[in-house]
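Asks: Dropping the sequence and predicted coords here.
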Amino acid sequence: MTQKYPLLTAVWEQNRIRIMVIVILLLFVVGVYAGQRWIVEPNLLALRTEQIRLQQHVRQRQMAFANSGVPVSAAEQIAKNLQQFNRLIPSQTDFSAFLGELFDWSGQAGLEIHQVSYQPKHEKETGFLRYGLSFSVKGDYSQVKKFIHLLENAQRILLIEKISLVESSTGKKGRHKVDLRIELTTYFQEGSA
């Protein structure tokens, strides 16, 4: 072999240690690749499959928990409540629409509001505008009862602070007329459009 390939023989004799290190390193790389390919990758694939299965299980549990209506934490429940509360409080620019609703409710009950007095007050803690309203209506007891029911079922924050009922007269068909004096409180968001 030394006579057929003199160049290879010369390189081997001069760089024997380097060639052996290169061959050992090549064998090491091939061994690592084979180990990764036949041992590590199947185990890694099994672990990834298990991870995906567990993640799906966790998501299903979270969805079931969220759909159950139970709050995940007290802080989340408080945040939800505050968002709902803020949605119920309209902008200050909706005050005239609220007065229109008030007159509509009295009309539905067969009553008539002649005058409404109101007093806005800025609430420092919440930043909301608190409107105190007072007015009176006159009608029979069933009309007054219906009007109060409409107020209680309003789709806004509306507090009935004070109610005064005074029998005023006897109307048609012997029905007693009642004067209702009512004080309400409602809230608006200051400066929002």
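Replies: Ah, there it is.

Asks: Give the pairing partners of the one helix or strand residue 160 maps to; include direction for each.
Replies: Under the assignment given by DSSP states H and E, the secondary-structure element containing residue 160 is strand 158-170. Strand 158-170 sits in its sheet next to strand 176-189 (antiparallel), going by DSSP bridges.

Asks: Give me the buried positions along the partner strand.
Replies: Neighbour-count burial for strand 176-189, with 16 or more other CB atoms under 10 Å as criterion, is recorded at 177, 178, 180, 182, 184, 185, 186, 187, 188, 189. Quick note: C-beta positions are derived from backbone N, CA and C, even for glycine.

Asks: okay, how far is it across stretch 8-24, tip to tip?
Replies: Distance between the two ends of stretch 8-24: 19 Å, counting by CA to CA, to the nearest Å.

Asks: hmm, back to that, widest-spaced pair of the buried residues of strand 176-189?
Replies: For these, the maximum inter-member distance is 38.7 Å, found between 177 and 189 (CB to CB).

Asks: All the strands of this protein, residue numbers only.
Replies: Ranges of strands in the chain, per DSSP state E, are 116-122, 128-140, 158-170, 176-189.

Asks: Of those strands, which is nearest residue 24?
Replies: In this view, the strands of the chain are compared for proximity to residue 24 by CB to CB, and strand 176-189 is the closest at 77.3 Å.

Asks: any idea of the mean pLDDT in that closest one?
Replies: The average pLDDT for strand 176-189 rounds to 89.

Asks: Next: stretch 80-96.
Replies: Stretch 80-96 shows an average pLDDT of 84 in the prediction.

Asks: re the thing from before, quick one: the strand holding residue 160 to chain centroid distance?
Replies: 39 Å (CA atoms, centre = their mean, to the nearest Å).

Asks: Kindly state the beta-bridge partners for residue 178.
Replies: residue 139, residue 167.

Asks: which residues does it contact?
Replies: Applying CB atoms under 8 Å, 6 or more residues apart in numbering to residue 178 gives the contacts 138, 139, 140, 141, 144, 165, 166, 167, 168.

Asks: Of all the residues in the strand holding residue 160, which ones are buried?
Replies: Of the residues in strand 158-170, those scored as buried under the neighbour-count criterion (16+ other CB under 10 Å) are residue 158.

Asks: Stretch 83-92 now?
Replies: Going by 16+ other CB under 10 Å, stretch 83-92 has these buried residues: 89, 90, 92.
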